[in-house]
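# Generate a structure from the sequence data that follows.
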Amino acid sequence: MDKSERIKELVELLNKASKAYYQDAEEIMSNFEYDRLYDELESLEKETGMVLSNSPTVNVGYEVVSELPKIQHEQPMLSLDKTKEVEALKSFLGDKKGMLSWKLDGLTVVLTYQNGSLQRAVTRGNGQVGEVITANAKTFKNVPISIPHQGELVLRGEAIIKYSDFEMINAEIEDVDAKYKNPRNLCSGSVRQLNSEITAKRNVNFIAFALISAEDVAFDNSIEKQLEWLQQQGFETVEAKAVHAETMEETVAYYGEKVKNYDYPSDGLVLMFDDIAYGLSLGRTAKFPRNGIAFKWEDEQAETTLKEIEWSPSRTGLINPVAIFEPVELEGTTVSRASVHNVSIVEELELGIGDTIKVYKANMIIPQISENLTKSGMEMPPETCPACGGKTVIRNDNGVKTLYCPNEECPAKHVKLYSLFVSRDGMNIEGLSEETLEKFIEKGYIHEFADLYHLDRYYEEIITTPGFGEKSFEKLQKALEKSRKVELHSLIYSLGIPNIGVANAKLICKAFDYDVEQIMAATPEQLTQIDGIGAVMAEKFCEYFANNANVEKLNHLLNEVEIEAQEAPKEEQNMEGLTFVVTGSVYQFLNRNAVKDYIEKRGGKVTGSVTSKTNYLINNDATSGSSKNKKAKELGIPIITEEEFLEMW
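Numbers count the residues shown, from 1 in each chain. A predicted model of the protein is given here:
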């Protein structure tokens, strides 16, 4: 392969890895491997003079993809260049004074204050455009809502979940597969929630590390003075120490000792020139500002023996290799597993059972293989899928080999369906997270819904699964037994029929007098006569039961459960025939679902959008310019508050 082709290949590989890490909070490549490929790319670009427009040496990050509002940063947020050598830090600093601080491993957030109040919080995003998370930031444990400074203030900091809080949150999750992987991923998911109540429960801290601008305040041209001033405003700031070249080694050693028991996740240090004007005068490259440099810890490595490669099918059809090795101590914890990501990496490492390998924790958190010392190369990808037994195929996408199961009926591809089946609105089976379901499907314990009620067949295997002992199994069995008594609408909803939600399932069950046989034999004409069931819904519903395999699976399920007799409604059915839409915050009820439940118990119906069939829009802010309010006004539909709603019924 010529050098230009290799550059193209490296750019694609590295961008794919960055997208997975920053956008999807997943790792498809170890940090060790990423750094090696990045250095190779950088070297080839210098050698050839060829730099692609989408090269990771030029661009920073990826576009954010979420439902949070987006906003462009006033100043781009560039990454720092990095080194693992203390000598490089000394050389960078020269004869200047520097500030050496933690490089925190969370989610970077920009806060803006006006007139002493927090006005806006925005994530780093791709460095150019971030996500607005103001409501969530106000729930961080230590963010000042009001500060003494009355002018505009813009600062950057890291949203962090401490190791102690992370471990406490994980300790409350019994299912080992449902536990969070590391504090960074948990923090990222918590900060970017659409519901700030969830953020508040996650104990997110904010640690300020850089002041961008402060109206009418002078800092004697010193970053150290900026951090002191931020502390006076009520911010918790990153621990930073003044340093010169001659004190660099002892200061790095101080942090190196402290990180062993430090409660905040950190993946290194940051060195900045204390002289603000001097640092800014150095300018920046396309990717890096020149006023600072990051120092990454040398990863602690351990030798161990590879016991097996476990091939784990996923819902996408991808079968992922996981290395199982003799347990070793790394960074204070015992590890015995590491993702190998794909077939290409298995081949590149020349892995074979019994090989002596070196493992480390990327960023002191994620176990990875750094080197194979014996390279027997005996491990071959399985020819059949562990979940369904079907023939596997190896795909080659841009030079990366991956193992796939092409069987569309493979149970591993239907994890979401099983997840819906066990959900609260479905069969309400506690203790079966999506991760656990995926594991059980991979192992071949589950092929259809009814199999869940016979997991006792695999008792010995399940209780020896790491983190899933006898206690967890007993708890799961109790949940399964409890779920055997179920209301018919929950059972119908749990089947995952396209377009059929809980409310639709209730309407159908009621229309057919809660008779399963009648429901299964329903025609599109009968279904569309039900108010609230459209032609598409009716078609999908009938298609489902026209499939003999679906009918057979439902019959198997009916042998395992007992349909609870439907009691006559206790509440007066004074809302029958009325359709409501509920929007905005509610105060008289616990949440909008509670309003929905109240209406449905009285015979009414709640939909998600305002149409000509809507009778009332419930919104406590009737004057807002929301799209639902505008639509209701256009159609002449009454907008009522909760209080008005309760007074009317």
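# For burial, what's the neighbour tally of Asn548?
Using other CB atoms under 10 Å, Asn548 has 8 neighbouring residues. In short, each C-beta sits where N, CA and C put it, glycine included.
# give the contact list for it.
Counting by CB atoms under 8 Å, 6 or more residues apart in numbering, Asn548 makes contact with nothing.
# Can I take it that Met99 is in a helix?
No: per DSSP: H, G, I helix; E, B strand; the rest coil, Met99 lies outside any helix segment and is strand.
# What residues are bridge-paired with it?
Ala242, Met272 (DSSP bridges).
# you'd agree it is up against His244?
No: Met99 lies out of contact with His244 (CB atoms under 8 Å); the separation is 11.1 Å.
# neighbour-wise, which of the two wins?
Neighbours were counted for Met99 and for His244 using other CB under 10 Å; Met99 has more, 21 against 15.
# Next, the contact list for the more buried one, please.
Counting by CB under 8 Å, 6+ apart, Met99 has contacts Ile223, Glu224, Leu227, Ala240, Lys241, Ala242, Val243, Leu271, Met272, Phe273, Asp274.
# Verify the stated contact: the fifth one with Gly98.
No: between Lys241 and Gly98 there is no contact, the gap being 9.2 Å when judged by CB under 8 Å.
# where does Val610 land on pLDDT?
We have a pLDDT of 87 for Val610.
# separation between it and Val86?
As judged by CB to CB, to the nearest Å, Val610 and Val86 stand 63 Å apart.
# okay, those two: which has more neighbours?
More neighbours surround Val610 than the other of Val610 and Val86, with 23 against 16 (other CB under 10 Å).
# Please identify the helix or strand for the most centrally placed residue in the chain.
Centroid check for the chain by CA atoms, centre = their mean gives Gly189 as the closest residue, at 4.9 Å. Using DSSP states H and E, Gly189 sits within helix 183-191.
# Helix or strand next in line after that helix, which one?
Next element after helix 183-191 (DSSP H and E): helix 196-200.
# Give me the mean pLDDT for whichever helix or strand comes after that following helix.
Toward the C-terminus, helix 196-200 is succeeded by strand 205-214 as the next helix or strand (DSSP H and E). Per-region confidence: strand 205-214 scores 94 on mean pLDDT.
# Surely Leu373 and Val359 touch.
No: contact criterion CB under 8 Å: Leu373 and Val359 do not qualify, at 11.3 Å.
# Which of these two has more residues huddled nearby?
Using other CB under 10 Å, the more surrounded residue of Leu373 and Val359 is Val359, with 24 against 9.
# Give me the phi and psi for Leu507.
For Leu507, the backbone dihedrals (degrees, to the nearest 10) come out as phi -60, psi -40.
# ok now stretch 276-295, how far from the chain's centre?
32 Å (CA atoms, centre = their mean, to the nearest Å).
# Pull out the buried positions in it.
Ile276, Gly279, Lys287, Phe288, Pro289, Arg290, Asn291, Gly292, Ile293, Ala294, Phe295 (16 or more other CB atoms under 10 Å).
# Stretch 219-230: which residues count as buried?
Across stretch 219-230, burial judged by 16+ other CB under 10 Å covers Ser222, Ile223, Glu224, Lys225, Gln226, Leu227, Trp229, Leu230.
# what do you get for stretch 495-505?
Buried-residue list, stretch 495-505, by 16+ other CB under 10 Å: Leu495, Gly496, Ile497, Ile500, Val502, Ala503, Asn504, Ala505.
# which one of these is nearest Pro144?
Closest approach to Pro144 among those (CB to CB): Val502, at 42.3 Å.
# isn't the closest one right up against Ser423?
No: using CB under 8 Å, Val502 makes no contact with Ser423, being 9.9 Å away.
# Export the buried residues of stretch 495-505 to CSV and append columns for secondary structure and distance to Ser196.
Below are the buried residues of stretch 495-505 laid out as CSV (DSSP: H, G, I helix; E, B strand; the rest coil; distance: CB to CB, whole Å):
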residue, secondary structure, distance to Ser196
Leu495, coil, 34
Gly496, coil, 30
Ile497, coil, 34
Ile500, coil, 31
Val502, helix, 25
Ala503, helix, 27
Asn504, helix, 30
Ala505, helix, 31
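# quick one: low-confidence parts of the stretch 451-600 of the chain?
For the stretch 451-600 of the chain, residues meeting the criterion pLDDT under 70 lie at 466-467, 567-571.
# And the longest helix along the chain, how far out from the chain middle?
Assignment by DSSP state H gives helix 31-48 as the longest helix of the chain. Offset of helix 31-48 from its chain centre (CA atoms, centre = their mean): 28 Å.
# immediately after that helix, which helix or strand?
Counting by DSSP H and E, the next helix or strand C-terminal to helix 31-48 is strand 70-72.
# Would it be right to say that Gly473 lies in a helix?
One thing to correct before we go on: residue 473 is Phe, not Gly. Yes: using three-state DSSP, the assignment for Phe473 is a helix.
# Could I get the full set of helices for the stretch 501-649 of the chain?
502-511, 516-520, 524-528, 535-546, 548-558, 592-601, 627-635, 642-648 (DSSP state H, counting those that start in this stretch).
# on that earlier part again, of Lys241 and Gly98, give the one with the bigger neighbour count.
Neighbour count, other CB under 10 Å: between Lys241 and Gly98, Gly98 has more, with 30 against 15.
# Distance check, the more buried one against Phe273.
Gly98 is 6 Å from Phe273, by CB to CB.
# ok, now Glu350?
For Glu350 relative to Phe273 (CB to CB), the value is 45 Å.
# Which one of these two is surrounded by more residues?
The neighbour comparison of Glu350 against Phe273 (other CB under 10 Å) goes to Phe273, with 23 against 14.
# Now for that one: which residues touch it?
Contacts for Phe273 (CB under 8 Å, 6+ apart) come out as Leu93, Lys96, Lys97, Gly98, Met99, Ile223, Gly279, Asn291, Gly292.
# swap the cut-off to 10 Å and go again
92-94, 96-99, 223, 279-282, 290-293 (CB atoms under 10 Å, 6 or more residues apart in numbering).
# how close does Asp105 get to Leu211?
Taking CB to CB, one finds Asp105 at 21 Å from Leu211.
# These two: which is more packed in?
Leu211 (23 against 19).
# list the residues that contact both of Gly98 and Phe273?
Phe92, Ile223, Gly279, Gly292, Ile293.
# Now for Lys391, how many residues are close by?
The burial count for Lys391: 12, using other CB under 10 Å.
# just checking, it touches Pro381?
No: counting by CB atoms under 10 Å, Lys391 sits too far from Pro381 to count as a contact (11.7 Å).
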